[in-house]
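Q: could you work out the structure for the sequence below:
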Amino acid sequence: MGSIKHYRAFQIDPDGHVFGCINLVCDDDEQAKREAAALVLVHRIELWRLDRRIAQFDVPQEPARG
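A: Okay, here's the model as predicted:
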C-alpha cells in the first residue's frame, strides 16, 4: 500500500496571478493530474507538489467564429 501525497492546485488569473488554491490528496501524480484537470473552468490551473510543478492546465480555446 502506497502513501498518500499532498498536492496544491493553484488557480491562475489571466494576468498570471494566483487567486486561489485547492488542496488535493492523491495516491500519485497521475491521479492528481486527473483531478486538477477537472478543475479547469475559466482559469488556468497549476498543479504543485511541494516545490515542484507537476503540470499546468490551460483553459480550452474557444473556436474562432467568423
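Q: can you tell me the closest non-neighbouring residue to A55?
A: Distance criterion CB to CB, 6 or more residues apart in numbering; nearest residue to A55, sequence neighbours excluded, is L47 at 4.7 Å. (C-beta placed from N, C-alpha, C; glycine too.)
Q: hmm, who's touching the helix or strand hosting the one you found?
A: Following DSSP states H and E, one finds L47 within strand 44-49. Where contact means CB atoms under 8 Å, 6 or more residues apart in numbering, the residues beyond strand 44-49 that reach it are 5-12, 24, 29, 32-33, 36-37, 39, 53-59.
Q: what ranges does the protein have for its strands?
A: Using DSSP state E, the strands found in the chain span residues 5-12, 18-26, 44-49, 52-57.
Q: so where is this protein shaky, pLDDT-wise?
A: By pLDDT under 70, the weakly predicted segments of the chain are 1, 62-66.
Q: pull out the buried positions in stretch 30-41.
A: Residues A32, K33, E35, A36 are the ones in stretch 30-41 that count as buried (16 or more other CB atoms under 10 Å).
Q: pull that stretch out as CSV, backbone CA atoms only.
A: Output in CSV follows, covering the C-alpha atoms of stretch 30-41 (Å, rounded to 0.1, in the frame of the first residue of the first chain):
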residue,chain,number,x,y,z
GLU,A,30,-1.3,10.8,-12.3
GLN,A,31,-4.4,10.8,-10.1
ALA,A,32,-3.5,14.4,-9.1
LYS,A,33,-3.3,15.4,-12.7
ARG,A,34,-6.7,14.0,-13.5
GLU,A,35,-8.2,15.8,-10.5
ALA,A,36,-6.5,19.1,-11.3
ALA,A,37,-7.5,18.9,-15.0
ALA,A,38,-11.2,18.6,-13.9
LEU,A,39,-10.9,21.9,-12.0
VAL,A,40,-10.2,23.9,-15.2
LEU,A,41,-13.3,26.0,-15.9
